[in-house]
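Q: A predicted structure for the sequence below; I have some questions about it.
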Amino acid sequence: MSSFGGIRDRHKSDSSGGKILPVLSLGRTPNLGPELVLSEDEKSDTEDKEETELGVMEDQRSVILHLISQLKLGMDLTKVVLPTFILEKRSLLEMYADFMAHPDLLLAITAGATPEERVICFVEYYLTAFHEGRKGALAKKPYNPIIGETFHCSWEVPKDRVKPKRTAPHSPASHEHPMADDPSKSYKLRFVAEQVSHHPPISCFYCECKEKRLCVNTHVWTKSKFMGMSVGVSMIGEGVLRLLEHGEEYVFTLPSAYARSILTIPWVELGGKVSISCAKTGYSATVTFHTKPFYGGKVHRVTAEVKHNPTNTIVCKAHGEWNGTLEFTYNNGETKVIDTTTLPVYPKKIRPLEKQGPMESRNLWREVTRYLRLGDIDAATEQKRRLEEKQRVEERKRENLRTPWQPKYFIQEGDGWVYFNPLWKAH
């Protein structure tokens with residue numbers, strides 16, 4: 001996952017625009033009631049996510065050097081305008097959807113027979129959730145979402161693939177795309193993300209599977225800083241996985257991300273300690289993403305420990321690479337290995353551009369993406385500039401009218417943001 005979403009592209013504003021579409025209940029327009037996105041319109045995603053792996057060209061290096069000469073160590077990069085050639089061809093909101101690339105593992109959590117098995121299943125899912133967001137080794141930056149931007153998609157997961165992984169190890173699988181021929185034989189997982197704030201930059205995403213009575217609600221504030229030959233992005237905020245069948249809530253945090261070697265061949269690593277906890281059952285987990293030491297050492301290392309706090313018992317330990325092989329050891333002496341590179345990836349289902357509203361990520365950025373694909377950096381930069389200027393004009397209008405921005409899908413509650421019609425509040 002390359003989450004360099006905290007480095008702003010100077011998206012100063014937003015638009016509430018958007019034609020009202022009939023939909024599945026994953027949206028609303030203020031004062032107009034539910035706005036729905038027809039899931040029948042969604043098609044399997046065929047977009048090529050591969051990024052060019054050429055590293056930094058000589059002319060691009062001089063641009064980056066000039067930019068670096070104006071920065072100070074520890075400087076907040078939120079308002080720094082970055083060159084267009086470092087952009088990845090997708091929005092940060094879409095990148096968050098890639099956390100769900102293994103929805104069979106997510107849905108299997110609620111099938112766990114005991115609280116211990118369920119928390120271990122969640123840790124297994126969590127450790128495999130990051131690698132699919134990074135299709136290549138090269139670090140590029142997703143588009144910084146504009147306030148009001150949204151992204152919708154869904155996944156269909158064959159029911160026979162959703163099993164608790166500890167009791168039913170995954171059958172040998174290639175990196176195929178599992179598809180269900182009969183919709184009645186699959187679970188549907190729906191996802192919506194929205195940029196709800198510009199200062200600070202806050203993204204929210206929500207996904208749910210009604211049939212499994214499972215949902216995840218997350219808000220993330222991306223905060224970036226300059227670190228010399230690296231850029232660091234903190235992912236501030238938290239998510240909550242709710243298993244309604246069991247009345248359990250798992251609160252989790254997210255690691256920081258780093259772009260290293262920004263003058264040569266930039267690469268991504270994750271770092272920091274994150275937590276997962278369930279107050280009802282007393283189970284918690286600590287996951288540590290280890291950054292590479294300056295001399296020697298392995299890259300992409302991760303370790304984890306799952307604990308039953310009332311008895312102070314460690315029930316599971318894990319170690320390995322978050323984008324490679326992970327080994328789990330349980331307190332009964334059993335072990336299991338998960339190779340993230342061979343896990344089946346489920347393609348997103350997304351509506352074609354012509355059926356998307358003007359503030360949906362792929363439609364909003366379509367011209368920038370088109371020119372990046374053609375390798376026309378100047379044209380991509382001009383399209384990006386036009387988009388940003390339109391947003392700035394609209395923000396000035398709101399400031400003059402003293403009209404606060406009202407998100408479409410999420411409501412602020414205390415320090416967090418919650419989806420407006422979550423599964424746990426549904427009748």
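A: Received, thanks. As the structure is a computational prediction, the values presented were derived from the model and not from experiment.
Q: ok now the top helix by length along the chain, how far from the chain's centre?
A: The residue-count maximum for a helix in the chain (DSSP state H) belongs to helix 377-401. In this view, helix 377-401 has its centroid 25 Å away from the chain centroid, taken as C-alpha atoms, centre = their mean, to the nearest Å.
Q: Show me what the helix or strand just after that helix is packed against.
A: Under the assignment DSSP states H and E, the closest C-terminal helix or strand after helix 377-401 is strand 410-413. Here strand 410-413 touches strand 186-197, strand 416-419, going by 3 or more C-beta pairs under 8 Å, 6 or more residues apart in numbering; DSSP states H and E. Using the backbone N, CA and C atoms, a C-beta is placed for each residue, glycine as well.
Q: Please report phi then psi for Leu244.
A: phi -70, psi -30 (degrees, to the nearest 10).
Q: got a list of what it touches?
A: Contacts for Leu244 (C-beta atoms under 8 Å, 6 or more residues apart in numbering) come out as 213-215, 423-424.
Q: for Ala97, same thing?
A: Counting by C-beta under 8 Å, 6+ apart, Ala97 touches 151, 153, 191, 193, 205, 348.
Q: Go through the helices and strands packed on strand 410-413 and name the closest to Val315.
A: strand 186-197 (27.4 Å; C-beta to C-beta).
Q: What mean pLDDT does stretch 304-317 get?
A: Averaged across stretch 304-317, pLDDT comes to 96.
Q: Just give me how far that stretch sits from the chain centre.
A: With C-alpha atoms, centre = their mean, you get 27 Å for stretch 304-317.
Q: buried ones in that stretch?
A: Of the residues in stretch 304-317, those buried by neighbour count under the rule 16 or more other C-beta atoms under 10 Å are 304-308, 315-317.
Q: for Leu214, which residues make a bridge with it?
A: Cys209, Leu243 (DSSP bridges).
Q: what about the stretch 51-200 of the chain, any weak spots by pLDDT?
A: Under the criterion pLDDT under 70, the flagged ranges of the stretch 51-200 of the chain are 51-87, 133-139, 164-183.
Q: Nearest residue to the residue most central in space within the chain in space, please, no chain neighbours.
A: In the chain, the residue lying closest to the centroid (C-alpha atoms, centre = their mean) is Tyr96, at 1.6 Å. Leaving aside its sequence neighbours, Tyr96 sits nearest to Phe205 (C-beta to C-beta, 6 or more residues apart in numbering; 4.9 Å).
Q: out of the helices and strands packed on strand 410-413, deepest packed?
A: Neighbour counts (mean count of other C-beta atoms under 10 Å) averaged over each of the helices and strands packed on strand 410-413 peak at strand 186-197, with a mean of 24.
Q: Pull the CA coordinates from it and hand them back as PDB.
A: Taking C-alpha atoms only, strand 186-197 is exported to PDB below (Å, rounded to 0.1, in the frame of the first residue of the first chain):
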ATOM      1  CA  SER A 186     -22.300 -15.700  -3.200                       C
ATOM      2  CA  TYR A 187     -22.100 -13.000  -0.400                       C
ATOM      3  CA  LYS A 188     -22.100  -9.400  -1.500                       C
ATOM      4  CA  LEU A 189     -19.700  -7.000   0.200                       C
ATOM      5  CA  ARG A 190     -20.400  -3.300  -0.500                       C
ATOM      6  CA  PHE A 191     -18.000  -0.400  -0.100                       C
ATOM      7  CA  VAL A 192     -18.300   3.400  -0.100                       C
ATOM      8  CA  ALA A 193     -15.600   6.000   0.600                       C
ATOM      9  CA  GLU A 194     -15.800   9.800   0.900                       C
ATOM     10  CA  GLN A 195     -13.500  12.700   1.500                       C
ATOM     11  CA  VAL A 196     -15.300  14.500   4.300                       C
ATOM     12  CA  SER A 197     -12.700  17.200   5.200                       C
END
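Q: List phi and psi for Met290.
A: Not Met; residue 290 is His. With angles defined as degrees, to the nearest 10, His290 sits at phi -90, psi 130.
Q: and it, how many neighbours does it have?
A: 20 (other C-beta atoms under 10 Å).
Q: Contact partners for it?
A: Counting by C-beta under 8 Å, 6+ apart, His290 touches 271, 301-303.
Q: give me the beta-bridge partners of it?
A: Going by DSSP bridges, His290 forms beta bridges with Arg301.
Q: Listing request: residues of the stretch 201-350 of the chain with sub-threshold pLDDT.
A: Confidence mapping of the stretch 201-350 of the chain against pLDDT under 70 gives the ranges 227-229, 260-267, 296.
Q: can you give me the strands for it?
A: Along the stretch 201-350 of the chain, counting by DSSP state E, counting those that start in this stretch, strands occupy 202-209, 214-226, 231-243, 248-252, 256-260, 267-278, 283-290, 301-308, 313-321, 325-330, 335-339, 349-350.
Q: right, so of the ones you listed, which gets closest to Trp405?
A: Across the strands of the stretch 201-350 of the chain, closest to Trp405 is strand 202-209 (C-beta to C-beta), at 11.2 Å.
Q: what about Lys298, neighbour count?
A: That count, for Lys298 with other C-beta under 10 Å as the rule, works out to 11.
Q: Is Ser203 in contact with Met235, as I believe?
A: No - counting by C-beta atoms under 8 Å, Met235 is not a contact partner of Ser203; they are 9.7 Å apart.
Q: Who has more neighbours out of the two?
A: Ser203 (29 against 23).
Q: Distance of that one relative to Ile146?
A: Counting by C-beta to C-beta, to the nearest Å, the gap from Ser203 to Ile146 is 11 Å.
Q: I appreciate the help and will end here.
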